[in-house]
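Participant: Could you work out the structure for the sequence below:
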Amino acid sequence: MNRFVILFILSLQFYPSAYAQPSKQQTRNLTAFSKLVGYVRYFYPADELQNDSCWNAISMYGIQRMFIARNDKELIAELRALFCPLVPQIRIDFADKIDESLPLDARSNHKKDQLVYWQHQGFGINSDETSPYKSVRVNSRVEYEKKAHRLNYFSLTKILQLEQFKGRPFVFTLDIAAQRKKDNQNDNLFAGPYPLIPNQGLLNTERKAIVEVKESFVFRGTIDIDLPLIQFGCFIDPLIENVQIDNPQLFIQNNDNKLIPIDLSLVELIDFSRDPTVQRTEYAFMIGKIRQEPLFNGAIKAGEVIKKELVSGISVSVPLSLYSDGRHTYPTADSILLTTFQNSTNEMPSDTSKETIETRLASFIKAWNVLRHFYPYWGDAATSPDSIFEQTVQKVFSDVSKHDFIETLQLLTVPLNDGQSRVDFYNGTKESVIASIPLFAAAIENRIFVKGVIDNDLSKRIHPGDEILSINGLSASEYLTKKEALISGSQQWKRSKGLAVLFNGPNHSSVKLKLRTAAGERKIQVPRSVLLPGPQNEFFLERRQAARWINEAFYYVDLTAKNVGANPHILQEMDRAKAIIFDLRGTPPATISSAQLLNQILEQLATASNVNYHLYIPEIRYPDFQNVSYKILTQQIHPRQKKIKANVYFLTDARTIGSLETYLEIVKDYKLGTLVGQPTAGANGIVNTLLLPGGYRLYFSGILVKNNAGNKLHLAGVVPDIKVELTYKALKEGRDEILERAIKQAEQETSPTTADN
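Facilitator: Numbering: from 1, shown residues only. Here you go, the predicted structure:
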């Protein structure tokens, strides 16, 4: 243990800041270590190993040891030295020496012991109650913390004036019952003091189980000397239903040490209950769950293990379940080693600009492991997780800046073919500021042209239709290809996104352009002055008017416009139209009003009561995304009595992504309108977010989405009914060909001749 402490402390201070490319053996070592971290962190259910910051320290120390091991024998020795104290039953050895069966702990399964194991509904470690993603260790003890749980608070008394009793002991009693569902375990609810810290607030001997019939509970405390305005209340886990609390009574000890009853209605001085500014002492208990309940059917059996190959010739066997006596899982990990790791995280510098290769590799390993085990579209990925690791890990060693490492994390996501995946900073550092130029581009037949200019001075020198020949010394097509190489997703999304971020770069830098204009070739340098909040955010979308009349009969609504949902006249104007054109080329604003408008339009279009779509949330018990089942969430559209009578057209292209694709698939499936334009991005499913060491953040699709026929939208996107190919002539003239084609279709379908037929 002394060797570990000395090495770890020294490594934090003196490890070199520049790194050569790792040798083949070091890469092999890092591969084995990275896989083992994922198997233990996300599938081994020990109580002690659930701290993320501690895992950061474990990862960084282990990375350093991987640089040292010179051969497979030393690799196995290093892995054992680190993981055997943390996972006493683990087996790490040459593959032919690993036995899949592991002995259970010397303690037998007592009658009250519960088997603890992981269940993941997507990736939900550290997620809140509102997220569809949940990760629990089934039957593990629930530890309630204010920061980690959104607990509901209920007042049981009004604010009481107890000045004459300040400093006196009290007893607070009441009756609690909870009606249980059939699948609930009989003793899985408790009532206890809150906060759960001795000598603060209410006290009793221990958390007490709630039974189905009413039972009396007793809590003790002392009337606050400094703040004798008192209120009694209760925190309740929002996942618990049908709780009954009755007969609250307060007793205060008098000078003779006898408990005298207090009439709660008589001690009230003033009803302050509705005034949150009144300072008072809150004595509260809570009702919560003793153990985590399963998320879905499918348990891990006692003694069940996984045997996995870490690298060719070296394997590991890890238990997937442990017994718990209600206080702790066993066997226990080495507490001294864990304490050392925990303390080391407190000593690490908070300035993430001083990050080391260990920090970046720890971030890389965490991102790769979460994707490896929880990304639901591996069947559509370009290659395997192992290949992605091998192809990408080398770049971590050559990265100089934070933006270099952002690119590495982006490259990690590219083979996933996930249009919703991206990487940015979450810590608000100066590195998170990205700039661009007031210009946006379009691609026609693999040539790059100026599509629009939003700077008055620049518009005198650059015009729509000018061809961009080169950018910063590279041909425009080559420069765009380099941008697309860092973008995950379908080909249509890569092209759309690549054009959107084509001119992005560091603030206060510039872009050198070579153009072919009507007057001939010219060179121009444009400073990056438009600030963006992140390296992959789209910008410079056409500034279309949110809603307008195209002519007396045709009404246009841009459902991606910023304030479209706040316009109270849109639905009224739609009633007068013979044809309505909805523009969905982009991302809808994240506002409640816009979501309500989208839903209302769909509800007015729907003609059948069975209009629905399906989300498939992975149910994961085993690593490497194997033996996965799915929880199917069916979202149903309820038709409104009031209908849209006009012919309806939806404009689409590769910028249409996410929930709008589900929206359009419903329109297409149920023939609720005509889709005009180009295929959508092909990236759907509720986005999952992962925070990484060093201030990096990774987004990825965490849910499968299918249409009514059971087909995935992934990559293919939604193919429009009427496909439109864009031309250079329209670009130069500033015409919107997709909108024009929808208008033409509307004219054909609403003309008197068409109506008569």
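
Participant: ok, and for stretch 242-258, which residues are buried?
Facilitator: 243, 245, 250-253 (16 or more other C-beta atoms under 10 Å). Bear in mind the C-beta positions are built from the backbone N, C-alpha and C, glycine included.

Participant: ditto for stretch 384-393
Facilitator: Using 16+ other C-beta under 10 Å as the burial criterion, the residues of stretch 384-393 that qualify are 385, 388-389, 392-393.

Participant: Next: stretch 627-641.
Facilitator: Across stretch 627-641, burial judged by 16+ other C-beta under 10 Å covers 628, 630-631, 637, 639.

Participant: what's the lowest-pLDDT member of the residues you listed?
Facilitator: pLDDT across the buried residues of stretch 627-641 is lowest for residue 637, at 82.

Participant: Nearest spatial neighbour of that one, chain-adjacent residues omitted?
Facilitator: residue 611 (4.0 Å; C-beta to C-beta, 6 or more residues apart in numbering).

Participant: related to what we said a few turns ago, any chance of CSV for the buried residues of stretch 242-258, columns secondary structure, distance to residue 706 and pLDDT?
Facilitator: CSV is the format used below for the buried residues of stretch 242-258 (DSSP: H, G, I helix; E, B strand; the rest coil; distance: C-beta to C-beta, whole Å; pLDDT from 0 to 100):
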residue, secondary structure, distance to residue 706, pLDDT
243, strand, 38, 85
245, strand, 44, 89
250, strand, 57, 93
251, strand, 61, 94
252, strand, 63, 93
253, strand, 65, 92
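
Participant: with these in mind, which one is nearest to residue 403?
Facilitator: Taking C-beta to C-beta as the measure, residue 243 is the one of these closest to residue 403, at 51.8 Å.

Participant: Could you measure from the residue lying closest to that closest one once chain neighbours are set aside over to residue 238?
Facilitator: Of all residues not flanking residue 243 in the chain, residue 178 sits nearest, at 5.1 Å (C-beta to C-beta, 6+ apart). As judged by C-beta to C-beta, to the nearest Å, residue 178 and residue 238 stand 14 Å apart.

Participant: Likewise for residue 73?
Facilitator: Residue 73 is 53 Å from residue 238, where distance means C-beta to C-beta.

Participant: would you turn the buried residues of stretch 627-641 into TSV with distance to residue 653 and secondary structure?
Facilitator: Shown next, in TSV, are the buried residues of stretch 627-641 (distance: C-beta to C-beta, whole Å; DSSP: H, G, I helix; E, B strand; the rest coil):
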residue	distance to residue 653	secondary structure
628	33	coil
630	30	strand
631	32	strand
637	24	strand
639	28	coil
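
Participant: Between these, which sits nearest residue 725?
Facilitator: Nearest to residue 725 among the buried residues of stretch 627-641 is residue 637, at 32.4 Å by C-beta to C-beta.

Participant: In helices only, show me the buried residues of stretch 384-393.
Facilitator: Among those, the members found in helices (DSSP state H) are 385, 388-389, 392-393.

Participant: export those to CSV and tack on pLDDT and distance to residue 366?
Facilitator: Formatted as CSV, those follow (pLDDT from 0 to 100; distance: C-beta to C-beta, whole Å):
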residue, pLDDT, distance to residue 366
385, 96, 14
388, 96, 14
389, 96, 13
392, 95, 14
393, 95, 13
